[in-house]
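*Asks:* Below are the sequence and a predicted model for it; my questions follow.
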Amino acid sequence: MRRIATLALAFAAVLGAAACAGHTKVPDADRLRLERTLPGRTYYLRHAMYVGPFWSDADKRFLSDGVPGEIPWVVNPAGVPIDPGAPTGIVPAGTRVRVRKLELPTGFAVTTRNPFGPRYNAWLYLEVEGLPRDPAPVILLPRDLASEEQVLAAIDRWLSRDDLEPVLAQLPDPVRAAVNEKRLLEGMPAEAVAMAWGYPERKELQPSPEGRVEEWIWPFEKRRARIVGGRLVSWQGEGAAIASE
């Protein structure tokens, strides 16, 4: 009987380890440290962020620097992307946020999530100044994170530990207003382009007598911007329309 009990405990431990591993490559030690140290940290949004539906999950809100449906975060069994829903508002760049928790896609987390949502991504739950605490605002982190360093680097893509108000205060009023409406203005500095539309998927540098020329390209080339000498000269595509709740 004791041997059977021992084997049962060992089997349960194996199942528990498998449940924790799930779809995350982050080692357990890193995961536990992140889950312990991240909650309560204060950050500031690097970009103006759309806020809107989190697919069919009414308990959450999706925070995204890009157009919410631009990236196929979720696809149905036929391979057709499922849109999270039109954004209902914009949170200004530089807004202060506080981490509530990090939820990596462990086996347990994946099995308890909505199967028609982004169940295989890491979820970063936030408290956002100016937004209700619930439904909880969530930023999606990439699927392929494999270490504590990579998780922190992914968070740094969207969130700054430093208050960005001194940087924002240097922008002319029309540019700052455009940033916080997630639209572009000819002549705005490259930093403001990123604050408005988020970081591009890639940048292509081109030699030119005009000076340094950069082509910024967002996912699936749905949006592009041409930066010459650090200033926006032209662009293609636009942001998302804001829906009424």
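*Replies:* Thanks, I have it.
*Asks:* What distance do you get for the nearest residue to Asp144 once chain neighbours are set aside to Leu145?
*Replies:* Leaving aside its sequence neighbours, Asp144 sits nearest to Lys25 (C-beta to C-beta, 6 or more residues apart in numbering; 7.1 Å). C-betas here are computed from N, CA, C, even on glycine. Distance from Lys25 to Leu145, counting by C-beta to C-beta, to the nearest Å: 7 Å.
*Asks:* So which of those two has more stuff around it?
*Replies:* Using other C-beta atoms under 10 Å as the criterion, Lys25 and Leu145 rank with Leu145 on top: 22 against 15.
*Asks:* Which residues are in contact with the more buried one?
*Replies:* Leu145 makes contacts with 24-26, 104, 122, 151, 154, as judged by C-beta atoms under 8 Å, 6 or more residues apart in numbering.
*Asks:* and Pro137, how many neighbours?
*Replies:* So Pro137, with other C-beta under 10 Å, has 23 neighbours.
*Asks:* returning to what we had before: list the contacts of the residue nearest to Asp144.
*Replies:* Lys25 neighbours (C-beta under 8 Å, 6+ apart): 144-146.
*Asks:* Turn the residues you listed into TSV, including secondary structure, distance to Glu210 and pLDDT.
*Replies:* What follows is the contacts of Lys25, written out as TSV (DSSP: H, G, I helix; E, B strand; the rest coil; distance: C-beta to C-beta, whole Å; pLDDT from 0 to 100):
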residue	secondary structure	distance to Glu210	pLDDT
Asp144	coil	37	92
Leu145	coil	39	96
Ala146	coil	41	97
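*Asks:* Now do the same for the residue nearest to Asp144: helix, strand or coil?
*Replies:* Of the three states, Lys25 takes coil under DSSP: H, G, I helix; E, B strand; the rest coil.
*Asks:* picking up where we left off before, out of the contacts of Lys25, which comes closest to Glu221?
*Replies:* Lowest distance from Glu221 to these (C-beta to C-beta) belongs to Asp144, with 22.1 Å.
*Asks:* Which one of the contacts of Lys25 is nearest to Met195?
*Replies:* Leu145 (24.4 Å).
*Asks:* Can you tell me which of the contacts of Leu145 are classed as buried?
*Replies:* 24, 26, 104, 122, 151, 154 (16 or more other C-beta atoms under 10 Å).
*Asks:* just the residues you listed now: which is nearest Ile90?
*Replies:* Nearest member of the buried ones among the contacts of Leu145 to Ile90, counting by C-beta to C-beta, is Ala154, at 22.1 Å.
*Asks:* residues in contact with the closest one?
*Replies:* Taking C-beta under 8 Å, 6+ apart as the test, what Ala154 contacts is 122, 141-142, 145.
*Asks:* would JSON lines of the buried ones among the contacts of Leu145 with pLDDT and distance to Glu238 be doable?
*Replies:* Listed next are the buried ones among the contacts of Leu145 as JSON lines, based on pLDDT from 0 to 100; distance: C-beta to C-beta, whole Å:
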{"residue": "Thr24", "pLDDT": "91", "distance to Glu238": "35"}
{"residue": "Val26", "pLDDT": "97", "distance to Glu238": "36"}
{"residue": "Leu104", "pLDDT": "97", "distance to Glu238": "34"}
{"residue": "Ala122", "pLDDT": "97", "distance to Glu238": "29"}
{"residue": "Val151", "pLDDT": "98", "distance to Glu238": "32"}
{"residue": "Ala154", "pLDDT": "97", "distance to Glu238": "27"}
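*Asks:* which stretches of the protein form helices?
*Replies:* Counting by DSSP state H, one finds helices in the chain at the ranges 2-21, 28-37, 107-112, 148-158, 165-169, 173-179, 190-197.
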